[in-house]
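**Q** next come a sequence and a model predicted from it.
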Amino acid sequence: MSALGEEEEDDRASSEHSIDLDALLVALVLVPRSYPRNRFFGLYRFPPARRVRRRAAILRSLIADLTHGVDDFELERNSHRLRLRYRLIDVGATRTTHLSDQELALVKLGVERAHRTQPAPRPLPPALDAVDPVAREHLRHLLRRLYEE
C-alpha cells in the first residue's frame, strides 16, 4: 500500500499524464459531449479534471443564461478576477459569478456561437466587449491546438 493518500496519488498521476486542463475546459464548454464521464472515467478520477468538469458546467449555464436574456448586467474587475452579476428575467433571481479573463473570453465565444443559431437573438450585453485581448488570443491558441489534434 502506498504512503500517499488516494487524492495525492490522483494529483501526482494527473501531472504525470500532463492533462491540459485549459484545453479540457474549452472542449467541455464548447462541445460538452466531447469527453463524457462514462467513456473517460479514468480522466475524471483526477481531482483537477473533476474540478474542470464542474467549472465547465457553470460556464455553460452562464452561456445559457446570457443567451436567453438577462437584465442589470454588471461586469466588475477585482484584483485578479472578474465579478459577473446579472438578473434573470424569467425568474427574477440575481446571479453572481467570479471568472478569470480566460473564462470570460470563453463565455463570450459561447454566447456568440449560441446567438448564431437563434432566429432573433437578444443583443449581447456591451460589458462582454471587455474581454482581455491576451485572454482572447490564449483562447484562439487553445482552439487551434484542439482542432489540429
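**A** Great, that's in hand.
**Q** export stretch 42-59 to CSV, keeping only CA atoms.
**A** Coordinates of each C-alpha in stretch 42-59 appear next as CSV, following Å, rounded to 0.1, in the frame of the first residue of the first chain:
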residue,chain,number,x,y,z
GLY,A,42,-10.2,7.4,-15.7
LEU,A,43,-9.7,11.1,-16.6
TYR,A,44,-12.3,12.2,-14.1
ARG,A,45,-10.8,10.2,-11.3
PHE,A,46,-8.2,13.0,-11.1
PRO,A,47,-9.4,15.9,-8.8
PRO,A,48,-8.1,18.6,-11.2
ALA,A,49,-10.1,17.1,-14.1
ARG,A,50,-13.2,16.8,-11.9
ARG,A,51,-12.9,20.5,-10.9
VAL,A,52,-12.6,21.5,-14.6
ARG,A,53,-15.7,19.4,-15.4
ARG,A,54,-17.7,21.2,-12.7
ARG,A,55,-16.3,24.6,-13.9
ALA,A,56,-17.4,23.8,-17.4
ALA,A,57,-20.9,23.1,-16.3
ILE,A,58,-21.0,26.5,-14.5
LEU,A,59,-19.7,28.3,-17.7
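**Q** any idea of the mean pLDDT for that stretch?
**A** Stretch 42-59 shows a mean pLDDT of 87.
**Q** how about it: buried residues?
**A** 43, 46, 49, 52-53, 55-56, 59 (16 or more other CB atoms under 10 Å). C-betas here are computed from N, CA, C, even on glycine.
**Q** please apply the same query to stretch 22-35.
**A** Within stretch 22-35, the residues scored as buried using 16+ other CB under 10 Å are 22-30, 35.
**Q** so what touches that stretch?
**A** Residues from elsewhere that reach stretch 22-35, judged by CB atoms under 8 Å, 6 or more residues apart in numbering: 43, 49, 52-53, 55-56, 59-60, 63, 102-103, 106, 109-110, 113, 138-139, 142-143, 145-146.
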